[in-house]
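> 3D, please:
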Amino acid sequence: MRKHYIDNLRSLVILLLIPYHAAQAWNTWGEPHYLMFGTSRTFSSIIVTFSPFIMPLLFLLAGMSTRFALNKRSAGQYILERVKRLIVPLVFGTLVFVPVMTYLADKYNYGYDGSFFAHYKVFFTKFTDFTGADGGFSFGQFWFLLYLFVISVICLGIILLQKKFIPKAKGNVPLWLIILLGLPLPFIGGLLEVGGKSLVLFAYLFLIGYYVFANDEVVEKIKRVKFIFLAIGLISCIANVYMFIWSGKSFGVFNTAANYITGWFMILALIGIGKDHIDGNGKISSYLSRISFAFFGLHFIILVVMQFLMAGIFENNRFLLFLIPVIVSYALTFAFSEIFVRIPPLSFLIGVKPRSGNLN
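Numbers count the residues shown, from 1 in each chain. Purely as a prediction, here's the structure:
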């Protein structure tokens, strides 16, 4: 039986990526971005609010989905599906979408005056911090697909070994142990880290998604106390945002603790809320699930183009420079996602199954 709340949580998280990525153009901690418009504590607060849990939640949900996928597929079929769904759009997006973003970044941030096609040489020969902000090589948002593929392959090996040597491994754990599963996060968050993204951390989340959170009894336990988890997550989130953005001081380990507490308890709360409130398959949720993967692949290039085009128009009004590109990007991303999922060659390149023109 399909767990619709997993699909729905994934869709909602992906929808958050447009304002999340738009706000990065004003981050206050000096992180390179495709377009840098200055600094804003307000917009930076959006990033710090969501960053502790949105990508970790996606990896945990991927682990849960893998549990159900392997109930229906062999290991070989699973890998083939991962190649089609992850590697194909990774290659396509990196070769076609990301060069546009890095070209605009080089023009806006560094005054590059060459042609777009001439910039392809820059893209494939300039290797710096992989953010693409200086025009150099980047995977853009497609880093997620690369990490997910690598983690899927590694974890599949672990799962197959477990099934061979510990065939009766159980995933049902008491509530207190579910809470304690978040304890390793700050200690492994810096392991095998590239650009602030830890392969070890995301693999851990993937595995506990597979072994623990894919268990219905575990999710039922979380569901019963979901609002307690939500309260803890929100309180620590407010503390995290204040300490990192608004205080003007360095709180060191306390800030780090607040960040990871926010991430873990918001994940727990969202799993419980998702199971309790969005575990259906209505028209809206079905539509979002159908286009969410295409939406993920398309949203960032559309947003960067919109911000670049509107930078000169709203340069003296940062609120409008944030809001208008976000609104337009939502509209265009939905429209182009619908086109991509309806045309088989484009569906293949973006990593989704083609759909017919019938919306019903």
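
> give me the helices and strands touching the helix or strand hosting Phe334, please.
Element membership of Phe334 [criterion: DSSP states H and E] is helix 318-342. Of the remaining helices and strands, those touching helix 318-342 by 3 or more Cβ pairs under 8 Å, 6 or more residues apart in numbering; DSSP states H and E are helix 17-23, helix 283-311, helix 344-350. Placement of C-beta: from N, CA and C, glycine included.

> tell me which helix or strand in the chain has the weakest average pLDDT.
strand 193-194 (a mean of 84; mean pLDDT, DSSP states H and E).

> still on that earlier bit, so how far is the helix holding Phe334 from its chain's centroid?
17 Å (Cα atoms, centre = their mean, to the nearest Å).

> could I get the average pLDDT for it?
The average pLDDT within helix 318-342 is 97.

> now do stretch 152-169
In the prediction, stretch 152-169 has an average pLDDT of 92.

> relative to Tyr211, how far out is the residue nearest to the spatial centre of the chain?
Nearest residue to the geometric centre of the chain (Cα atoms, centre = their mean): Met55, 4.0 Å. Counting by Cβ to Cβ, to the nearest Å, the gap from Met55 to Tyr211 is 20 Å.

> go on, Ser40?
Taking Cβ to Cβ, one finds Ser40 at 41 Å from Tyr211.

> tell me where the stretch 101-250 of the chain has helices.
For the stretch 101-250 of the chain, applying DSSP state H, counting those that start in this stretch gives helices covering 116-125, 143-165, 175-180, 185-188, 199-208, 216-224, 226-241.

> report the buried residues of the shortest one.
For helix 185-188, a neighbour-count test (16 or more other Cβ atoms under 10 Å) marks Leu185, Pro186, Ile188 as buried.

> what is the nearest of those residues to Ala294?
Leu185 (30.7 Å; Cβ to Cβ).

> what sits closest to that closest one if chain neighbours are left out?
In this structure, Leu185 finds its nearest non-sequential neighbour in Tyr260, 4.9 Å apart by Cβ to Cβ, 6 or more residues apart in numbering.

> before we move on, what about Asp276?
Lys223 (5.0 Å).

> then Ala22?
Ala22 sits nearest to Val326 (Cβ to Cβ, 6+ apart), 5.1 Å away.

> what of Leu9?
Spatially, and ignoring its direct neighbours in sequence, Leu9 is nearest to Gly274 (4.4 Å; Cβ to Cβ, 6+ apart).

> quick one, grab the pLDDT at that neighbour.
97.

> from Leu61, how far off is it?
Gly274 is 9 Å from Leu61, by Cβ to Cβ.

> can you list residues touching both of those two?
Ile6, Leu9 (Cβ atoms under 8 Å, 6 or more residues apart in numbering).
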